[in-house]
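Q: Quick one, what's the 3D model for this:
(one chain, ligands or ions: 1)
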Amino acid sequence: MQDLNRRAFSKIIGLSGLSAFLPGISPFLPDKKFTKSDFGPDFKWGVATAAAQIEGAWDVDGKSPSVWDVFSRKKGGKKIKHRDTPSVSCDFYNRYEGDLDLLKQMNFDVFRFSTAWSRLLPEGIGRVNEKGFDFYDRVVDACLERSIEPWVTLYHWDIPQILQDKGGWANRDVVSWFEEYADKVTRRLGDRVKNWMVLNEPTAFTALGYLAGIHAPGKISAKKFLKSVHHTTLVQALGGKIIRDNVSDANIGTTISCSSMYSKNDKRRHVAAMKRMDVLLNRLYIEPALGMGYPSEDWRFLRKIRRYMEEGDEDKLAFDFDFIGLQNYTRANVKHVLLPYIWAIARAPEKYGVPELRITEMNWEVYPEGIYEVLKTFSQYKNMPPIIVTENGCAFEDKVFEDGHVHDVKRKAFYQEYIRQVLRAKQEGVDVRGYFAWTLMDNFEWAEGYEPRFGLIHVDFDTQQRIIKDSGLWFKDFLAGND
Ligand code: GCO
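A: Sure thing, here's the model as predicted:
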């Protein structure tokens, strides 16, 4: 497990509760035309980003190091591809106005971004860094001036290192640390920001950070993993309550990564492995939030979480969210392996015959039906709130052509086909109310550094020059109603 990188782990992670066996290969290119108006006038179209991936300015204006600033420098930087760090990244901290202009040029009306805890409360708790708050005030105002709705994620994986030094998510105190942070951010921005997400993909930062050890803080410990899961689940619900208390007319959600699930074949051990993986990838955070408790019947290891629960905790896991953000990239084809705790791994797409054309830079299969499948599956939960697709996108190698453009044919086709599948789910009655592309511009892709490019905008990291890619130009036309 230790030497798995995220691309490899994404074969484990990445992926929703449908069990089926390898179906035929789906067409990559769309076979039916659709338009923006098919989604209705109130459907939200946005792009998503995260502070640690775009801002840079890692030590500027009073910001303290986040867990990613430190993790990316550990062991001479060898935890991150090409020893990249998030120090400068897209320099969004200084360039946000121009970047929001580009977002507007592509005709999006939502900008999803996260606030960096270590910029706002450099000691994690206590003292407030006014310069940090000024920055987010300016970003929010710059959105509103351009008629862009700001959608804010409170936590996108970047806990202050100072709190990590005290155990981070594995220390129960994180619940009160987060409470203070969330309270301060929502009081300050809540007069102008009405759309909030508590957490980004908790499975990723708990499992990759504490079980696989490939993301910050890079630990491998079952105990720490289970504790971090429980504390994160408490925070997920508590964060919702804080927003409800502090922000009038708030639209409150949280985001969950999800993938449709397949097993290698119908042998019992592979099907059981797929069910465990389904718990980890899809069910672990949504079910407690919906008042169903932890899904430990299909992954018995989770029963140990009881050891870390205090009296009354059971009643603190649920929250009545206004929406759930689902984030989908690929599917999981799972088999049983001798990997402790989970005893399962998602197979590399080439192992089950996926052609190269349909495999992204992250080694993820392009599987558009998967987004339809997860939307259908999640919508079957009792009491499931409306859904927003808060992330969907892909990394392919890009180049700037002689004509100065980035002709990213595969990315454009990817978006067309996935969005068509979102429409299919919507037309079959799934209450999906928005779609946010991942992501605005090429950025720091965690342990993969700057190599995989996910942006609708190409960034030259030497000059900070931006070019809207053909995929971004397609959105521009589509969202103008011209395509
Ligand atoms: C996630 C994160 C993003 C990633 C994106 C591509 O979903 O993992 O929200 O930060 O960059 O998913 O891997």
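Q: low-scoring stretches of the chain, by residue?
A: 1-32, 483 (pLDDT under 70).
Q: just the residues of the protein that are near the ligand, which are they?
A: Listed as neighbours of the ligand in the chain under the rule Cβ under 6 Å from any ligand atom: 50, 53, 200-201, 204, 257, 327, 391, 438, 445, 454. Where C-beta positions appear, they are placed from N, C-alpha and C, glycine not excepted.
Q: and if we set it to 8 Å?
A: For the chain, the residues found near the ligand under the criterion Cβ under 8 Å from any ligand atom are 6, 10, 48, 50, 53, 156-157, 200-201, 204, 255, 257, 327, 329, 362, 391, 393, 395, 438-439, 443, 445-446, 448, 452, 454.
Q: can you give me the strands in the stretch 101-250 of the chain?
A: If DSSP state E, counting those that start in this stretch is used as the criterion, the strands of the stretch 101-250 of the chain fall at 110-114, 149-155, 195-199.
Q: The first one to strand 195-199, inter-axis angle?
A: With axes from the mean of the first three to the mean of the last three Cα atoms, to 10 degrees as the criterion, the two stretches strand 110-114 and strand 195-199 enclose an angle of 30 degrees.
Q: Strand 110-114 packs against which elements?
A: Here strand 110-114 touches strand 44-48, helix 51-54, strand 149-155, strand 432-438, going by 3 or more Cβ pairs under 8 Å, 6 or more residues apart in numbering; DSSP states H and E.
Q: switch the cut-off to 7 Å
A: Judged by 3 or more Cβ pairs under 7 Å, 6 or more residues apart in numbering; DSSP states H and E, strand 110-114 is in contact with strand 44-48, strand 149-155.
Q: Any chance of a markdown table for those strands, columns mean neighbour count?
A: Formatted as a markdown table, the helices and strands packed on strand 110-114 follow (neighbours: other Cβ atoms under 10 Å):
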| stretch | mean neighbour count |
| --- | --- |
| strand 44-48 | 23 |
| strand 149-155 | 23 |
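Q: As a markdown table, those strands with distance to residue 387 would be great.
A: Below are the helices and strands packed on strand 110-114 laid out as a markdown table (distance: least, Cβ to Cβ, whole Å):
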| stretch | distance to residue 387 |
| --- | --- |
| strand 44-48 | 11 |
| strand 149-155 | 14 |
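Q: These: which one's closest to residue 71?
A: With Cβ to Cβ as the criterion, residue 71 lies closest to strand 149-155 of the helices and strands packed on strand 110-114, at 16.0 Å.
Q: In contact with residue 143, which residues are there?
A: 100, 111, 149-150 (Cβ atoms under 7 Å, 6 or more residues apart in numbering).
Q: Which of those residues sits closest to the ligand?
A: residue 111 (14.8 Å; Cβ to the nearest ligand atom).
Q: what pairs with the closest one across the strands?
A: Beta-bridge partners for residue 111, by DSSP bridges, are residue 47, residue 150.
Q: Let the chain start at 18 from now.
A: Done: numbering now begins at 18, and the last item shifts to residue 128.
Q: burial count for it?
A: Neighbour count of residue 128, defined by other Cβ atoms under 10 Å: 26.
Q: got it, and the one 5 residues further on?
A: The burial metric for residue 133, expressed as a neighbour count using other Cβ under 10 Å, is 26.
Q: same question, the one 4 residues further on
A: Residues near residue 137, counting by other Cβ under 10 Å, number 23.
Q: Is it correct that it is in contact with residue 150?
A: Yes - between residue 137 and residue 150 there is a contact at 6.1 Å, judged by Cβ atoms under 7 Å.
Q: all helices of the stretch 118-267 of the chain, in order?
A: Taking DSSP state H, counting those that start in this stretch to define them, one finds helices in the stretch 118-267 of the chain at 134-137, 147-162, 178-181, 191-206, 219-220, 226-227, 239-263.
Q: Identify whichever of those lies nearest to residue 362.
A: That would be helix 219-220 among the helices of the stretch 118-267 of the chain, by Cβ to Cβ, at 15.4 Å.
Q: so residue 223 makes contact with residue 248?
A: No - if you go by Cβ under 7 Å, residue 223 and residue 248 don't touch, sitting 9.0 Å apart.
Q: Quickly list what's touching both of the two.
A: residue 186.
Q: So if I had to pick from those two, which one is more boxed in?
A: Between residue 223 and residue 248, counted using other Cβ under 10 Å, the more crowded position is residue 223 (26 against 23).
Q: Skipping adjacent residues, who's closest to the residue of the stretch 18-167 of the chain found nearest the ligand in space?
A: Residue nearest to the ligand within the stretch 18-167 of the chain (Cβ to the nearest ligand atom): residue 67, separated by 4.8 Å. Spatial nearest neighbour of residue 67, chain neighbours left out: residue 173 (3.9 Å); criterion: Cβ to Cβ, 6 or more residues apart in numbering.
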